[in-house]
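Sharing a sequence plus its predicted fold:
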Amino acid sequence: MIRPVESKNPIRSQISSVILWSRNLEKSAERYSRLFNLPSEQQERFGHMHILHLPNGTDVMIDSNGMDNVPIPDKAPPLCFVPADDIDEAAVLIESLGFQIIYGGIIRNEFVSFFNMRDDDFNVITVCQNHK
């Protein structure tokens, strides 16, 4: 295990949340709840923000505050990485939930298979199956 360098630093060596911007909070909250297979009681709503608590302790914060005037980008890098047990089944699920697979579809090699998905607001997430 890699340990942080011993020094005084106000930043912790962890990522606690991923923030996704949304123009339609209800739609995004429903889609991402279904994507992560979370029941509605694991969700919190604070006005313009909806928080999904993943079992590993990471939160997905869907934020609609001030999004009306923010343009949707044409491209974006992935915001985070989520593992999949079966990349083909994951792709079917992604598309059935209304997400779009982008940047060339499923990429396969001997070590991993992955694809990038996006939502209506062009939040991009990489979905990956490890083969080793």
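Ah, there it is.

who are the neighbours in contact with the residue nearest to Ile51 when sequence neighbours are not counted?
Distances taken as CB to CB, 6 or more residues apart in numbering place Glu44 nearest to Ile51, at 4.5 Å, with adjacent residues excluded. To be clear about C-beta, it is placed using only N, CA and C from the backbone, and glycine gets the same treatment. Going by CB atoms under 8 Å, 6 or more residues apart in numbering, Glu44 touches 50-51, 53.

before we move on, what about Lys75?
Phe122.

how much space is there between it and Gly66?
22 Å (CB to CB, to the nearest Å).

Need the contacts of Glu44 in CSV (columns: distance to Asp121, neighbour count and pLDDT).
Listed next are the contacts of Glu44 as CSV, based on distance: CB to CB, whole Å; neighbours: other CB atoms under 10 Å; pLDDT from 0 to 100:
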residue, distance to Asp121, neighbour count, pLDDT
His50, 13, 23, 93
Ile51, 17, 17, 93
His53, 21, 15, 93
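
Nearest to Ala29 among those residues?
His50 (4.2 Å; CB to CB).

residues in contact with that closest one?
Per CB under 8 Å, 6+ apart, neighbours of His50: 25, 28-29, 43-44, 61-62.

Which helix or strand in this structure has the lowest average pLDDT?
Using mean pLDDT, DSSP states H and E, strand 43-46 stands out as the lowest-scoring helix or strand of the chain, at a mean of 80.

immediately after that strand, which helix or strand?
Counting by DSSP states H and E, the next helix or strand C-terminal to strand 43-46 is strand 49-53.

what pairs with the lengthiest strand in the chain, and is each one parallel or antiparallel?
The residue-count maximum for a strand in the chain (DSSP state E) belongs to strand 100-108. Under the criterion DSSP bridges, strand 100-108 sits next to strand 112-118 (antiparallel) in its sheet.

Cool, thanks, talk later.
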